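Chemist: model the following, please.
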Amino acid sequence: MGTIFPREEKAEQIFDEILKNPRACDRLKNTFFAAIPSAEESEGAGTDIPGTVFAAALFNAYENKDLSAFMMAVCNNSVFDLLRNSFLIPIRFNDKGVENPILLTDENGKFLDESELHFWEKKYKMFRELFEQQNEIPDYQMYMADGFRENHFYSDESEVETRKISEHRGILLMFNFPESIEFEINEEKIYAIVWEALMRLQEALPRALMYYGKRDENGVEKHTSTLGIFLPFCHFEREMEKTIELANGIGLGCREAILAEMKAQAK
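Modeler: Below you'll find the model as predicted:
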């Protein structure tokens, strides 16, 4: 797809000269935000970043046709940060080697760090009650966990940095696939099924997180793919039992849809 306007000639030369002049960069930044009436009132809208960082991000985005490079300077989010943080796409387990979600209990429901237990005694008691009364479901686990989302931004040195946002403690439901299953299904079809399940999840339980993919543990990749639904206490604590029931229905339905698609393709 072509650009809307013809690209300027000698753009790199123009950009280089502007970047040498911090006052010129500031004027460019101020002109941009002046065209957005509400920008000055929006916390974290990018108005507080140095003009040189703003200009470098703008020029880099123009030269490389990289929208995310500019979005990070304007709103501290890449394009896919915006999608994830709007609950419009699922989160990959332990994306880019960062553990997320962080498990706080083992498969038997025991708290992993006894020294921290007294800080979370009330939440853990709730979790244990739900853990003990859960239905027996094949290839399914319930954990107490910490989950979070991320955004990306530029440091004052124009380096891309990652920041955790919306860190919450809650209950993680894990829907595993049998280890005997080998995923030869088209990745796009898996993603389409997971995305539809995420939309159902947001309709029923807004602000629940959905994870998918292969979960790495201690640097070793497991050979089973997994679906996960994370339910923060801050949003669902008052009706957690009912919430888990709804989430289980969506998670199990998603897993069954993927298995059905795999069987159909194998024929």
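Chemist: how about low-confidence regions in the stretch 1-150 of the chain?
Modeler: The model of the stretch 1-150 of the chain has pLDDT under 70 over residues 1-9, 37-47.
Chemist: can you read off the pLDDT for residue 178?
Modeler: In this model, residue 178 is scored at 78, pLDDT.
Chemist: likewise the one 10 residues further on?
Modeler: Model confidence at residue 188, given as pLDDT, is 79.
Chemist: secondary structure element for it, which one?
Modeler: If you go by DSSP states H and E, residue 188 is part of helix 187-204.
Chemist: which neighbouring elements make contact with that helix?
Modeler: Judged by 3 or more C-beta pairs under 8 Å, 6 or more residues apart in numbering; DSSP states H and E, the packing partners of helix 187-204 are strand 209-217, strand 220-232, helix 240-266. C-betas here are computed from N, CA, C, even on glycine.
Chemist: tell me the mean pLDDT over the shortest one?
Modeler: Model confidence over strand 209-217 averages 79 on the pLDDT scale.
Chemist: helix 240-266 and the helix holding residue 188, what's the angle between them?
Modeler: Angle, helix 187-204 to helix 240-266, by axes from the mean of the first three to the mean of the last three C-alpha atoms, to 10 degrees: 160 degrees.
Chemist: got the buried residues for helix 187-204?
Modeler: 190, 193, 194, 195, 197, 198, 200, 201, 202 (16 or more other C-beta atoms under 10 Å).
Chemist: quick one: contacts of it?
Modeler: The set of residues external to helix 187-204 that reach it, using C-beta atoms under 8 Å, 6 or more residues apart in numbering, is 87-90, 183, 208, 210, 212, 227, 229, 246-247, 250-251, 253-254, 257-258, 261.
Chemist: cool, stretch 88-101 as well?
Modeler: Stretch 88-101 is contacted by residues 80, 83-84, 143, 145-150, 162, 172, 194-195, 198, 209-216, 226, 228, 230 when judged by C-beta under 8 Å, 6+ apart.
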